[in-house]
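[1] Have a look at this prediction, sequence included:
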Amino acid sequence: MSKHFLSFSAAVVTAATLLAAPAAHAQIKTPAASPQSTVTQRVGLTDITIVYSRPGAKGRSIFGSDNSLVPNGKRWRTGANATTSIKFSDDVMIEGKKVPAGEYGIYTVPRPTEWTVVLNKSLKQGADVEGFKEDQDVARFTVKPYKLPAKVETFTIAFTDLTPGTANVALEWESTGAKFKVTADVDSKVMAQIDEKVIKAASPAPADLAAAAVYYYDNNKDLKQAVTWMEKANAAEPTKYWNLNTEAKIRLKMKDYAGATKAAEASKKAALAATPPNGEYVKMNEDLMAQAKKGGK
């Protein structure tokens, strides 16, 4: 065997060893003590995303005294590890405070009878909760804590009490909870779309006419206008039993009992003719006709 071949073989072995070294010394991955979580919720037409880490109680006293894990009156990062963040795709109102679209850090100051919640532009404080500048605050407000009916072992942030334009952000850990209300601007955005796609449009699409009518009905706006739009939508698409049912509901709300009955009968007929027949809408229309009959007496 030649010396050149031996030298070449040694070089190959050395190179292979060097290439394998990084893999051999890669850091061992283990579960995080406070795993990261992301929660997202659409409120109205606005997307809200919260990113936070979730510590466990592990038998410790969390709130309530100066010696608790989160001492009374001390600023808290509202989670563990990196700064807890909240991001809004549009401007919102939080507990009466206007908050522009953007991403902010959530900091809290828990006390037994009152929590102060602060949204700050800083997203890099981590554990240095005293280091950020208060002139970077976007909103500051107070909320009342409440006792939880059952123990929450792992710190949890959740969206609760949803309506078409509002949601509460609930912070819960061990036996204590606190929440703040976020209100999204829904009406002006929807009305702008209705103005563009229905009111000012030369030939509005039936789907847009129906959507505008439903919005007016749900939000107690001009019912005469709502029923006019829905009539046009139903004339264009007479087999859509759900829209015929909406026309019946609008007319019932207007106390046009004869018109409500007629629309409900048409909706029932279309629901029965569907493939497969929709028994739920058949029942809904029968109930509506019974209400119209009772109201017409």
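    Arrived safely, thanks for sending.

[2] The longest strand along the chain: how far from the chain's middle?
    Once the chain is assigned using DSSP state E, the strand that runs over the most residues is strand 166-184. Offset of strand 166-184 from its chain centre (C-alpha atoms, centre = their mean, to the nearest Å): 12 Å.

[3] Restricting to C-alpha, output that strand in PDB.
    Extracted C-alpha coordinates of strand 166-184, given in PDB (Å, rounded to 0.1, in the frame of the first residue of the first chain):
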ATOM      1  CA  THR A 166     -65.400  43.200  22.300                       C
ATOM      2  CA  ALA A 167     -63.400  40.600  24.300                       C
ATOM      3  CA  ASN A 168     -61.900  40.300  27.700                       C
ATOM      4  CA  VAL A 169     -58.200  39.400  28.100                       C
ATOM      5  CA  ALA A 170     -58.200  37.200  31.300                       C
ATOM      6  CA  LEU A 171     -55.000  36.700  33.300                       C
ATOM      7  CA  GLU A 172     -55.300  33.700  35.600                       C
ATOM      8  CA  TRP A 173     -52.900  31.900  37.900                       C
ATOM      9  CA  GLU A 174     -53.300  29.900  41.100                       C
ATOM     10  CA  SER A 175     -56.400  31.300  42.800                       C
ATOM     11  CA  THR A 176     -56.400  34.800  41.300                       C
ATOM     12  CA  GLY A 177     -57.700  36.300  38.100                       C
ATOM     13  CA  ALA A 178     -57.800  39.700  36.500                       C
ATOM     14  CA  LYS A 179     -59.100  40.800  33.100                       C
ATOM     15  CA  PHE A 180     -59.300  43.900  30.900                       C
ATOM     16  CA  LYS A 181     -61.800  44.700  28.100                       C
ATOM     17  CA  VAL A 182     -60.700  45.300  24.500                       C
ATOM     18  CA  THR A 183     -63.100  47.100  22.200                       C
ATOM     19  CA  ALA A 184     -62.500  47.000  18.400                       C
END
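
[4] Please name every helix or strand in contact with the very next helix or strand once past that strand.
    On the C-terminal side of strand 166-184, the nearest following helix or strand under DSSP states H and E is helix 187-194. The helices and strands touching helix 187-194, judged by 3 or more C-beta pairs under 8 Å, 6 or more residues apart in numbering; DSSP states H and E, are helix 206-218. For the C-beta atoms, the positions are set from N, CA and C on the backbone; glycine is no exception.

[5] Would you mind listing the buried residues in the helix it packs on?
    Of the residues in helix 206-218, P206, D208, L209, A210, A211, A212, A213, V214, Y215, Y216, Y217 count as buried by neighbour count, 16 or more other C-beta atoms under 10 Å.

[6] packing partners for the helix or strand following that helix?
    Downstream of helix 206-218, the first helix or strand assigned by DSSP H and E is helix 223-236. The elements that helix 223-236 packs onto, with contact taken as 3+ C-beta pairs under 8 Å, 6+ apart, are helix 206-218, helix 241-253, helix 257-273.

[7] okay if I get the ones you listed as TSV plus distance to S65?
    What follows is those, written out as TSV (distance: least, C-beta to C-beta, whole Å):
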stretch	distance to S65
helix 206-218	48
helix 241-253	55
helix 257-273	61
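
[8] Could you export those helices to TSV, including columns for mean pLDDT?
    Formatted as TSV, the entries for the helices and strands packed on helix 223-236 read as follows, by pLDDT from 0 to 100:
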stretch	mean pLDDT
helix 206-218	97
helix 241-253	98
helix 257-273	97
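
[9] what residues does whichever strand or helix holds N285 touch?
    Secondary structure here is read from DSSP H and E; on that basis N285 sits in helix 279-295. Applying C-beta atoms under 8 Å, 6 or more residues apart in numbering, the set of residues contacting helix 279-295 from outside is 241-242, 245, 248-249, 252, 255, 257-258, 260-261, 264-265, 267-268, 271-272.
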